[in-house]
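Undergrad: structure for this input, please:
(4 chains)
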There are 2 protein chains.
Amino acid sequence: MENCVPTHLSLGLLLRLVHQHWTQDVEAALEEAGFGDIRPPHANVFTFIHPEGIQVSELTRLAHVRKQTMTQAVEELERLGYVERRPDPNDRRARLVFLTERGKGVRPVAVATGRLVDQRWSDIAGSEEIDALKQALQSLLGKLRGGDKNDGDPMGDGGS
Amino acid sequence: MENCVPTHLSLGLLLRLVHQHWTQDVEAALEEAGFGDIRPPHANVFTFIHPEGIQVSELTRLAHVRKQTMTQAVEELERLGYVERRPDPNDRRARLVFLTERGKGVRPVAVATGRLVDQRWSDIAGSEEIDALKQALQSLLGKLRGGDKNDGDPMGDGGS
DNA sequence: TGGATATAGACAGGTACCTGACCAATATGA
DNA sequence: TCATATTGGTCAGGTACCTGTCTATATCCA
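TA: Numbering: from 1, shown residues only, chains lettered A, B, ... in the order given. I've put the predicted structure just below:
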């Protein structure tokens, strides 16, 4: 009796709960991979950073989080030695974020983590179902915002 | 060009973004209904409370949030005069949460808010799509937890 | 060329979740 | 019946988001 999944929970609740699962799973996967010091929000940085350096503002746009949030992630990664910030030669207001040598080593793992969780969920629930869910969410999102500029995100996030 | 919704965002990112939309929409709907002092997490209380009184612990179970979170919501609603807490005659550790007269008046509106947002989203994206999404999330959730006790939630949440 | 506006980033502060430690009352069971 | 969980609730503290304000630089255009 006790494991019927009976009536409909609200959409808000469902979204929150599934999202929580995702975050936890990403965190666990990072831990497992031996990078306990990298946490979900950091994945956003690893996902979108590139060798030419990138501004924090650009990162916020790509990851859809606020400046404060992204700044904090970058600062933490800087403290951990994965990235460094240097002045932007083309804009004296800005600083560019670069991977350090250490960061370059970790990036593939950090980026792969999201995919890994995707994979696990596909194993559990069927990859078609997961794909359909993604599609549905994406389509919904597109409709909710009248038409938002979007951006790739090969896998990204992991974060939130 | 700028409104293509091109490649696939990660599931985590999608979940976060859609959830954010939901929360904002619920908040806006409450505001619109003239209850700007009621905020999304409070909806959990209004959804699950009943005339016989309910323990905070029971509320946390139903809404799937932690004690601290629910306690805070209840305290706020108490301060606003929507609920009151009285000792549980059957358990001297516990206190029961009851709606005040004021709370009884607001409850239907607070509960309806979630449905309202559901309705709006159905208008925008098609009710079939929304229903399918709910179903998919629920099914996924059921699979992620080996098999969890569930609970109704006629509409609930609103909150997160 | 100079004034309005937009942008990069820092800073201050709030919210809705979370965890873990703790106390008091209750239920369990040898 | 008394030690041992378990549970209801509080307290302290952390995280990942959010908002708004502010300064310095950049951009745009009249």
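Undergrad: doesn't residue A:90 lie inside a helix?
TA: No. According to DSSP: H, G, I helix; E, B strand; the rest coil, the state of residue A:90 is coil, so it is not within a helix.
Undergrad: could you report the pLDDT at it?
TA: Note on residue A:90: pLDDT of 95.
Undergrad: that one and residue B:49: what is the separation?
TA: Distance of residue A:90 to residue B:49, computed by CB to CB, to the nearest Å: 58 Å. Using the backbone N, CA and C atoms, a C-beta is placed for each residue, glycine as well.
Undergrad: same question, residue A:37
TA: Noted for residue A:37: a distance of 43 Å to residue B:49, by CB to CB.
Undergrad: ditto for residue A:112
TA: 45 Å.
Undergrad: who's more crowded, those two?
TA: Regarding residue A:112 and residue B:49, a neighbour count based on other CB atoms under 10 Å in any protein chain shown identifies residue B:49 as having more, with 25 against 16.
Undergrad: max-length helix in chain A?
TA: For chain A, the longest helix by residue count, based on DSSP state H, is helix A:101-125.
Undergrad: are that helix and chain B in contact anywhere?
TA: Yes. Using CB under 8 Å from any CB of the partner chain, we find that helix A:101-125 touches chain B at A:114, A:117, A:118, A:121, A:124, A:125.
Undergrad: quick check, the third one in contact with residue B:11.
TA: Pointing back at residue A:118 there. Yes. Contact criterion CB atoms under 8 Å: residue A:118 and residue B:11 qualify, at 6.3 Å.
Undergrad: anything in contact with each of those two?
TA: Common neighbours of residue A:118 and residue B:11, using CB atoms under 8 Å, 6 or more residues apart in numbering or on different chains, are residue A:130.
Undergrad: for these two, indicate the residue with more neighbours.
TA: Using other CB under 10 Å as the criterion, residue A:118 and residue B:11 rank with residue B:11 on top: 26 against 20.
Undergrad: would you check how far apart the more buried one and chain A are?
TA: Separation of residue B:11 from chain A (CB to the nearest CB, to the nearest Å): 6 Å.
Undergrad: which SS state does the closest residue to that residue other than its chain neighbours fall under?
TA: Nearest residue to residue B:11, sequence neighbours excluded (CB to CB, 6 or more residues apart in numbering or on different chains): residue A:134, at 5.7 Å. Here residue A:134 takes the helix state, with states given by three-state DSSP.
Undergrad: likewise for residue A:96?
TA: Following three-state DSSP, residue A:96 is assigned to strand.
Undergrad: list the beta-bridge partners for it.
TA: Beta-bridge pairing of residue A:96 under DSSP bridges involves residue A:55, residue A:86.
Undergrad: contacts only, for it.
TA: Applying CB under 8 Å, 6+ apart to residue A:96 gives the contacts A:52, A:53, A:54, A:55, A:85, A:86, A:87, A:88.
Undergrad: at 6 Å instead, please
TA: Neighbouring residues of residue A:96 by CB atoms under 6 Å, 6 or more residues apart in numbering or on different chains: A:53, A:86, A:88.
Undergrad: and DNA strand C, which of these contact it?
TA: Contacts with DNA strand C within the contacts of residue A:96, as defined by CB under 7 Å from any atom of the strand: residue A:88.
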